[in-house]
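Visitor: Sequence and computational prediction follow.
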Amino acid sequence: MTELLDALDHLDAVFAPHAARPVAVDGCAYCYAAADLALLAGPVAGVPDRLVDAVATEVPDHWGDFPGLYRRLAPRVLRRVALDGAGPDPALVASRLLAAGWGGWPERPAVERFLSAWWEAFVREPSRRHPVEALELIVPLTGSPVPWLERWTAHPDERLSLLVDRWLERRLEVRFGLHDGAGAAPAELAQVLLALDPDFLGAHRLQEVERIAWS
């Protein structure tokens, strides 16, 4: 958890030049009161959580400068996702970050550091969110579940065991995020699962995984 908190603090520091500077915010007047737009235009620290959560999942065409607004609020949004089990939906946040063009931000390394620290916290410690929810954010942004699942298979637990059961019901046809999302070929996921101790998988599941891996 210390690593995650450090990564979140680093996000705040890296995005600070955008967070403190007031800007003009043009948004949907039917959905947001003038007072809300004024709060969004001021220092990010003064934006209430309810408004951060609303912007985190709002459709981009509700804002005159959606990429600029999301970039300002990104540290607050990601902190809410990571630390509040009732915070914004990770899959929606992934979709909005992609729409905001996060991959081209100079602050991208800080976001990647957060993703890595957040996943490590999931693997190592209990959380109010299920690891799949983290993957719903991480995989669409990074393109593949494989490196993240490899880190989990190094420290397998009951959550992973239950997930393997669910995935095998779908023959490892697994996607993450909205719409078609992102994922890996079933055979590729099977190779990841084969790194698990055979005793963890058990004979029946091992046979199913091997069948998919070599099909």
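Guide: Arrived safely, thanks for sending.

Visitor: Please enumerate the strands of this protein.
Guide: Secondary structure of the chain (DSSP state E): strands at 175-176, 182-183.

Visitor: Could I get the contacting residues of the residue nearest to the spatial centre of the chain?
Guide: Nearest residue to the geometric centre of the chain (CA atoms, centre = their mean): Leu137, 2.2 Å. Counting by CB atoms under 8 Å, 6 or more residues apart in numbering, Leu137 touches Val81, Pro90, Ala91, Val93, Ala94, Leu115. (Each C-beta comes from the backbone N, C-alpha and C, glycine too.)

Visitor: Check it and give its pLDDT.
Guide: pLDDT for Leu137: 95.

Visitor: Need the pLDDT of the nearest residue to it once chain neighbours are set aside.
Guide: Distances taken as CB to CB, 6 or more residues apart in numbering place Pro90 nearest to Leu137, at 3.7 Å, with adjacent residues excluded. Pro90 is assigned a predicted lDDT (pLDDT) of 94.

Visitor: go on, Pro126?
Guide: For Pro126, pLDDT reads 69.

Visitor: what's the answer for Val123, then?
Guide: Reported pLDDT for Val123: 87.

Visitor: What is the neighbour count of it?
Guide: For Val123, the neighbour count with other CB atoms under 10 Å is 21.

Visitor: Give me the buried positions along stretch 44-51.
Guide: Val44, Val47, Leu51 (16 or more other CB atoms under 10 Å).
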